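Peer 1: Pasting a predicted model and its sequence here:
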Amino acid sequence: MNVIKCIYPFAKLLSLGSILTTAVMAGEQDKQVGSFSIAAVADIQYADTNPRGAREPREGIARIKNAISHWNQRELDWGVVLGDIIDWDDIDYGKFPKETIEKEPKRWKHTRDILAAWDTLNVPNYEVLGNHDYYVPYKDADGLSKPASVYRAFGFKDKAYYEFAHKGYRFIVLDGDVSHLNHDIETEEYKLAKAHYDALKGPARGIWSAGISEKQMMWLKDVLTDALNKKEPTVIMCHYPMHKPYGGHTLFNAAEMTTLLDKFPNVVMWLNGHDHRGAYQKIGNRHHLNLKGMQNEGNNWYQIDFSPESITVYQAEDVKTPKYELRLSWQPQKSSRK
């Protein structure tokens, strides 16, 4: 099980990241950046339960199956769901987060059913965990506590952040691992995360949001350095937005994350969900795209085309009229190591 050894301070991490490592492996060669397309969706939030307000959790399976029926007819390389795959599982959601009252038995039925639907995509698929994916009992049936029980349920080993390369791009998946709602209430990790949340000030303090731990930030810095050395345009996929204006949906340590990412010109996009309304902002030469949530509208599913020069985003069945045409200012042939 992966645990948070230190929730804060983040300033210490950033001082360590002020100088980029420039060592390049002997014999390393630049990779050709290719063109490809992916499927992307955020905030399915499935649960077999009645609507609450304007939300229709039970529609999640039908909506994602409809999207997949179209995606499977296209030439896509892979797909990603940007968190909040479930709405909740095996708890009384009406009492959450003040109380986590379990429903018996612990079956992970919502999780298993939506993942089975997601797995009908006929290309490889990736998952980003969101806050709702942790809205489950403190312990699984065999006593395994969350977050480890959540990692296991979604197919991860001991953590939910990872990275991979594809056709010259680097993709990095982050997990909002600083949230007391991610942890068993009896653990030290819960107490540390709750103290961190209670100490937060300002607008970026939504109880449904999270931060990135120091351990994960240090890992991120190492991956970004490696990607820059290899001249790979890099996309970060996280459930939480980090652009301004800050609000209740914002990543807790968005300012620290911005300081870190500004040191890496190869980071061309931050791709997220969480705020179902969607948004776009550009920070320097970095594109920040918040996809609209499928929970709010069945047509909120996307195709994203990557090339060496641009990222183009299409919504639902319309693959002729882009929602976004994002030019890349940083390209491998123009990069220089610092």
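Peer 2: Nice, thanks for sending it over.
Peer 1: what's the neighbour count on D158?
Peer 2: 11 (other CB atoms under 10 Å). All C-beta spots, glycine's among them, are computed from the backbone N, C-alpha and C.
Peer 1: oh sorry, the question was meant for T100
Peer 2: By other CB under 10 Å, 20 other residues sit near T100.
Peer 1: Please apply the same query to E232.
Peer 2: Neighbours of E232 (other CB under 10 Å): 23.
Peer 1: what is the residue lying closest to it once chain neighbours are set aside paired to in the beta sheet?
Peer 2: Using CB to CB, 6 or more residues apart in numbering and skipping residues adjacent in sequence, the residue nearest E232 is R170, 4.2 Å away. Assessed by DSSP bridges, R170 has beta-bridge partners A165, T234.
Peer 1: now R170: how far from D87?
Peer 2: Distance check for R170 against D87: by CB to CB, to the nearest Å, it reads 32 Å.
Peer 1: contacting residues for H166?
Peer 2: Shown in contact with H166 (CB atoms under 8 Å, 6 or more residues apart in numbering): F36, D77, W78.
Peer 1: can we see that at 7 Å?
Peer 2: F36, D77 (CB atoms under 7 Å, 6 or more residues apart in numbering).
Peer 1: what pLDDT does it get?
Peer 2: Here the pLDDT value assigned to H166 is 98.
Peer 1: now R55
Peer 2: Here, the pLDDT recorded for R55 equals 93.
Peer 1: And the residue nearest the centre of the chain?
Peer 2: Most central in the chain under CA atoms, centre = their mean is C238, positioned 2.4 Å from the mean C-alpha point.
Peer 1: Apart from its neighbours in sequence, what residue is nearest it?
Peer 2: Using CB to CB, 6+ apart, the nearest residue to C238 is L174, at 4.1 Å.
Peer 1: How much space separates that neighbour from E188?
Peer 2: 23 Å.
Peer 1: What of M237?
Peer 2: According to CB to CB, M237 and E188 sit 29 Å apart.
Peer 1: higher neighbour count, the two?
Peer 2: Per other CB under 10 Å, whichever of M237 and E188 has more neighbours is M237, with 23 against 11.
Peer 1: Might one say that that one is in contact with F171?
Peer 2: Yes: at 6.4 Å, M237 counts as touching F171 under the criterion of CB atoms under 7 Å.
Peer 1: and the residue nearest to the centre of the chain, what does it touch?
Peer 2: With CB under 7 Å, 6+ apart, C238 has these contacts: V128, L174, W270, N272.
Peer 1: need these in CSV with distance to T321 and neighbour count, can you?
Peer 2: Formatted as CSV, these follow (distance: CB to CB, whole Å; neighbours: other CB atoms under 10 Å):
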residue, distance to T321, neighbour count
V128, 27, 27
L174, 31, 27
W270, 24, 27
N272, 23, 28
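Peer 1: Quick check: the farthest pair among those residues?
Peer 2: V128 and W270 (12.1 Å; CB to CB).
Peer 1: pLDDT below threshold where in the protein?
Peer 2: Within the chain, the segments meeting pLDDT under 70 span 1-31, 333-338.
Peer 1: now the strands: where do they sit in it?
Peer 2: Taking DSSP state E, the strands of the chain run over residues 36-41, 78-81, 125-127, 162-166, 169-173, 234-237, 267-272, 279-283, 286-290, 301-306, 310-315, 324-327.
Peer 1: okay, the ones you listed in a markdown table with distance to A195 next?
Peer 2: Output for those, formatted as a markdown table (distance: least, CB to CB, whole Å):
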| stretch | distance to A195 |
| --- | --- |
| strand 36-41 | 34 |
| strand 78-81 | 31 |
| strand 125-127 | 29 |
| strand 162-166 | 28 |
| strand 169-173 | 27 |
| strand 234-237 | 27 |
| strand 267-272 | 26 |
| strand 279-283 | 30 |
| strand 286-290 | 29 |
| strand 301-306 | 38 |
| strand 310-315 | 39 |
| strand 324-327 | 39 |
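Peer 1: closest to H70 out of these?
Peer 2: strand 301-306 (8.1 Å).
Peer 1: what's that closest one packed up against?
Peer 2: Strand 301-306 is packed against strand 36-41, strand 310-315, with contacts defined by 3 or more CB pairs under 7 Å, 6 or more residues apart in numbering; DSSP states H and E.
Peer 1: name the helices or strands packed onto the last one?
Peer 2: Contacts of strand 310-315 with other secondary structure elements, assessed using 3+ CB pairs under 7 Å, 6+ apart, are made with strand 301-306, strand 324-327.
Peer 1: change it to 10 Å
Peer 2: strand 36-41, strand 267-272, strand 286-290, strand 301-306, strand 324-327 (3 or more CB pairs under 10 Å, 6 or more residues apart in numbering; DSSP states H and E).
Peer 1: do the first one as well
Peer 2: Applying 3+ CB pairs under 10 Å, 6+ apart, one finds that strand 36-41 makes contact with helix 60-71, strand 78-81, strand 125-127, strand 301-306, strand 310-315.
Peer 1: Among these, which comes closest to Y161?
Peer 2: Across the helices and strands packed on strand 36-41, closest to Y161 is strand 125-127 (CB to CB), at 11.5 Å.
Peer 1: Give me the residues contacting that closest one.
Peer 2: Here strand 125-127 makes contact (CB atoms under 10 Å, 6 or more residues apart in numbering) with 38-40, 68, 78-83, 85, 115, 118-119, 133, 154-156, 160, 162, 164, 171, 173, 237.
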